[in-house]
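A.B. asks: model the following, please.
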Amino acid sequence: MKKYTPYIFPLVVLSVVFLLVFRWYSMRTQRMDENLFAEGVEIENLSEDEMAKSISGVGDYNNVDLTSSSADALGIVRYELKDDKVRFSVMANLPESENEYRVWLKEVDGDNMREVFTLVPGKGGYIGSAALPSELLPFEIIVSEEVSAEGAKEANVLRGVLDVQDSVEMEVE
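C.D. replies: Okay, the predicted model is just below:
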């Protein structure tokens, strides 16, 4: 028994470390699955060239109209699915405001929200664009002047749902 004693303590320590690492990893992946709009999800801003293509309609883009509670706001989302990413641009005719218009993404079946970008004034209205993993589809796009997620849920200017089913149906027809 004395010849096995020096191996028991390191074996116990390695077992505890392995269990802690396994527990940390499983909890981390579970949190990522529960909240797809968490900080770990990478959202890219599109380059000027990609944004210009989506605005001008060059390429295979689909459209989703954004609905408004008031008559003075109109908006559209142009998007494409490419390389396991959803590239989209929001174009909106909005009344001038002292506050910035922010674009938020919200889970369709949940309450998780995340601010994606701020719309900037352009020639034809306000514009902005981003790219994110296609596994987040479907999601709701909300345009609001509010700074907080809770405020954006309640007081939004435009909203619409981006769903992969829309693009599949359009390709089939």
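A.B. asks: ranges for the strands of this structure?
C.D. replies: 62-68, 74-82, 85-93, 102-107, 113-118, 120-122, 125-133, 139-144, 156-162 (DSSP state E).
A.B. asks: and for Tyr126, nearest residue in space, chain neighbours not counted?
C.D. replies: Of all residues not flanking Tyr126 in the chain, Leu119 sits nearest, at 3.8 Å (C-beta to C-beta, 6 or more residues apart in numbering). Every C-beta, even on glycine, is put in place using the N, C-alpha and C of the backbone.
A.B. asks: count of neighbours near the closest residue to Tyr61 other than its chain neighbours?
C.D. replies: Distances taken as C-beta to C-beta, 6+ apart put Arg78 closest to Tyr61, at 4.5 Å, once the chain neighbours are dropped. The burial count assigned to Arg78 is 20, neighbours taken as other C-beta atoms under 10 Å.
A.B. asks: hey, what's Arg78 bridged with?
C.D. replies: With DSSP bridges applied, Arg78 shows beta-bridge pairing to Asn63, Ser89.
A.B. asks: for Val21, see how far away it is.
C.D. replies: As judged by C-beta to C-beta, to the nearest Å, Arg78 and Val21 stand 44 Å apart.
A.B. asks: where does the chain dip in pLDDT?
C.D. replies: Across the chain, the ranges flagged by pLDDT under 70 are 1, 29-60, 71, 164-173.
A.B. asks: what about 80?
C.D. replies: In the predicted model of the chain, residues 1-2, 28-61, 69-71, 111, 123-124, 164-173 satisfy pLDDT under 80.
A.B. asks: how close does the residue nearest the centre of it sit to Phe88?
C.D. replies: Centrality entry for the chain: nearest residue to the mean C-alpha point is Leu105, 5.2 Å, by C-alpha atoms, centre = their mean. Using C-beta to C-beta, we find Leu105 at a distance of 10 Å from Phe88.
A.B. asks: what residues do those two have in common as contacts?
C.D. replies: Common contact partners of Leu105 and Phe88 (C-beta atoms under 8 Å, 6 or more residues apart in numbering): Ile141.
A.B. asks: kindly list the longest helix within this structure.
C.D. replies: When the chain is parsed with DSSP state H, its longest helix is helix 5-34.
A.B. asks: and that helix, what does it pack against?
C.D. replies: Here helix 5-34 touches no other helix or strand, going by 3 or more C-beta pairs under 8 Å, 6 or more residues apart in numbering; DSSP states H and E.
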